[in-house]
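Participant: could you look at this predicted model? Sequence included:
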Amino acid sequence: MLKTIHTSNAPAAVGPYSQGVSAGNFVFVSGQVPINPANGELVKGDIKAATKQSLENCKAILAESGLTMKSVVKVTVLLNDISDFAAMNEVYGTYFDEHKPARAAFEVAKLPLNADVEIEMIAYGENA
């Protein structure tokens, strides 16, 4: 059974998609650009702050599903500039200090809203 996930603690989708979808015990979190849901503003120009906001958005969507970052099995990170990898990784590591999910990171030509980073996740849990 598929269930759409929505929370006001993460930015609304900027297109025809859901913040996340649960399918059985899996939760698929749509790519989150660093929009602050409190004010709707894009965090831009500071990759560490942008990474933190994207991860907080993902975390909020997981929480809406009853899951935590420890439930994450796969992460994809899209960067506007791969030279930001080390700074992104520094922040990323604070969210996954004990549990380390599988991950891929790519530089892309352009991200929605000209964001510096976009992060998507797949999580697994009995509470999903």
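Facilitator: Received the coordinates, thanks. Numbering: from 1, shown residues only.
Participant: my read: Lys59 touches Met69, true?
Facilitator: Yes. Lys59 lies in contact with Met69 (Cβ atoms under 8 Å); the separation is 6.0 Å. C-beta: built from backbone N, CA, C; applies to glycine.
Participant: identify the contacts common to the two.
Facilitator: Tyr95 (Cβ atoms under 8 Å, 6 or more residues apart in numbering).
Participant: contacts only, for the residue lying farthest from the centre of the chain.
Facilitator: In the chain, counting by Cα atoms, centre = their mean, Met1 sits farthest out from the average C-alpha position, at 22.9 Å. By Cβ under 8 Å, 6+ apart, the contact list for Met1 reads Ala23, Gly24.
Participant: top helix in the protein by residue count?
Facilitator: In the chain, with assignment by DSSP state H, the single longest helix is helix 47-64.
Participant: format the CA atom coordinates belonging to that helix as PDB.
Facilitator: Only the C-alpha atoms of helix 47-64 are listed here, as PDB (Å, rounded to 0.1, in the frame of the first residue of the first chain):
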ATOM      1  CA  ILE A  47      27.100  24.900   1.300                       C
ATOM      2  CA  LYS A  48      27.300  23.900   5.000                       C
ATOM      3  CA  ALA A  49      24.100  25.800   5.900                       C
ATOM      4  CA  ALA A  50      22.500  24.500   2.700                       C
ATOM      5  CA  THR A  51      23.400  20.900   3.500                       C
ATOM      6  CA  LYS A  52      22.100  21.200   7.000                       C
ATOM      7  CA  GLN A  53      18.800  22.600   5.800                       C
ATOM      8  CA  SER A  54      18.300  19.900   3.200                       C
ATOM      9  CA  LEU A  55      19.100  17.200   5.800                       C
ATOM     10  CA  GLU A  56      16.700  18.800   8.300                       C
ATOM     11  CA  ASN A  57      14.000  18.800   5.600                       C
ATOM     12  CA  CYS A  58      14.600  15.100   5.000                       C
ATOM     13  CA  LYS A  59      14.700  14.400   8.800                       C
ATOM     14  CA  ALA A  60      11.200  16.100   9.200                       C
ATOM     15  CA  ILE A  61       9.700  14.000   6.400                       C
ATOM     16  CA  LEU A  62      11.100  10.800   8.000                       C
ATOM     17  CA  ALA A  63       9.700  11.900  11.400                       C
ATOM     18  CA  GLU A  64       6.300  12.300   9.800                       C
END
